[in-house]
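Chemist: Show me how the following folds:
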Amino acid sequence: MTVLERVRQQLKSNSQLVWLTRDFHASGSATQVHRALRTLVEESSLLRIGLGLYVEPRISSVTAQLVPPGSLETLAADAMRRLNIHVGPGAAARAYNSGETNQLPGQLVANTGHRKIQRVIEVGGRRLLYEHGLAETAHATSRSGGLDHHGAQDLQSLLMHREAVRLLIETPKLVARVEQTLARWRQRDDPNSAGLLKLWAKIVSDRDWPAALEDSELGRQLRQASPLATLLSPQCRLAIIHRVKALKKPSG
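Modeler: Modelled structure (predicted):
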């Protein structure tokens, strides 16, 4: 069995989310393992998200293309866990979580305390940033100038869908409610939304919730014709609307 075949076999026999190069050291020499991993990346069997960090892609129900198996938040957290690097939320996230500000963090920032980390982790065009030591300000996102109208609408829709996905994962029986909503909407026979509703039916059937949160043009179109937001309570929807409103650029 070749080194490449051993690495393939290991990938198939383990459900690890983030793989480290060292996971495959028993399969061959360092040079042979790096060559095998490079081959797997070239054939899209693996995605490289950082130095010595790999993930197995999944097929998107939305685009039918290969995409990472999770968000930057999910994959970066697992990578840090596997690297035994303790990190905490950045200053902006801490301020938002504690209620000191209603400004949503615009970037994913990890606080590494007094340990200086420079490892690059990038997923879907988004990169993990680092803070070292105590942050000087709890309002880092306030310098961005705010969101324009379209950016605010996209963020509002995304936040609502994140909450809806959380509800679906915590309470699987809600899937039946979504399926009933979809069935009613598809009876309208609206040619403008028929294609999107068909995609939603597949997403719900496959329980492919990451597809509902994809950061792509089609993902944004899907969220505009989505049955998931119907799961949210009026209070939850209003809270998200207020949060996003606070991020919008001042008019005039």
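
Chemist: which stretches of the stretch 1-150 of the chain form helices?
Modeler: 3-12, 30-42, 72-82, 91-97, 149-170 (DSSP state H, counting those that start in this stretch).

Chemist: distance between the longest one and the chain's centre?
Modeler: Between the mean C-alpha point of helix 149-170 and the mean C-alpha point of its chain there is a distance of 12 Å (CA atoms, centre = their mean, to the nearest Å).

Chemist: Can you list the low-confidence ranges for this structure?
Modeler: Applying pLDDT under 70 to the chain flags residues 96-106, 133-148, 248-252.

Chemist: about what we covered before: dump the helices of the stretch 1-150 of the chain to a markdown table, plus mean neighbour count.
Modeler: Every C-beta, even on glycine, is put in place using the N, C-alpha and C of the backbone. Shown next, in a markdown table, are the helices of the stretch 1-150 of the chain (neighbours: other CB atoms under 10 Å):
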| stretch | mean neighbour count |
| --- | --- |
| helix 3-12 | 16 |
| helix 30-42 | 15 |
| helix 72-82 | 19 |
| helix 91-97 | 19 |
| helix 149-170 | 17 |
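
Chemist: Adding distance to Leu128, write those out as TSV.
Modeler: What follows is those, written out as TSV (distance: least, CB to CB, whole Å):
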stretch	distance to Leu128
helix 3-12	24
helix 30-42	20
helix 72-82	5
helix 91-97	13
helix 149-170	19
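
Chemist: Spit out the contact partners of the residue nearest the centre of the chain.
Modeler: By CA atoms, centre = their mean, the mean C-alpha position of the chain lies nearest to Ser71, the distance being 2.2 Å. Counting by CB atoms under 8 Å, 6 or more residues apart in numbering, Ser71 touches Val123, Gly124, Pro210, Leu213.

Chemist: quick one: the spatially closest residue to Thr74 that is not a sequence neighbour from Val123, how far?
Modeler: In this structure, Thr74 finds its nearest non-sequential neighbour in Leu17, 7.6 Å apart by CB to CB, 6 or more residues apart in numbering. Leu17 sits 12 Å away from Val123, going by CB to CB, to the nearest Å.

Chemist: quick one: which of those two has more around it?
Modeler: Val123 (24 against 15; other CB atoms under 10 Å).

Chemist: wouldn't the more buried one be in contact with Leu75 here?
Modeler: Yes. Val123 is within contact range of Leu75, at 5.4 Å (criterion: CB atoms under 8 Å).

Chemist: Which residues are in contact with each of those two?
Modeler: Common contact partners of Val123 and Leu75 (CB under 8 Å, 6+ apart): Ile49, Pro68.

Chemist: how close does Val109 get to Lys198?
Modeler: 38 Å.

Chemist: ok, which stretches of the protein are strands?
Modeler: Assigned by DSSP state E, the chain shows strands spanning 19-20, 47-50, 53-55, 58-59, 66-67, 88-89, 109-111, 122-123, 126-127, 129-131.

Chemist: Highest mean neighbour count out of the ones you listed?
Modeler: Highest mean neighbour count among the strands of the chain (mean count of other CB atoms under 10 Å): strand 53-55, with a mean of 22.

Chemist: Given that strand, what are its sheet partners and their directions?
Modeler: For strand 53-55, the paired strands and their directions (DSSP bridges) are strand 19-20 (antiparallel), strand 47-50 (antiparallel).

Chemist: what's across from the closest residue to Gln107 other than its chain neighbours in the sheet?
Modeler: Setting aside the residues directly before and after it, Gln107 is nearest to Leu129 in space (CB to CB, 6+ apart), at 5.7 Å. With DSSP bridges as the criterion, Leu129 is bridged to Val109.

Chemist: tell me the contacts of Leu129?
Modeler: Residues in contact with Leu129 (CB under 8 Å, 6+ apart) are Gly90, Gln107, Leu108, Val109, Ala110.
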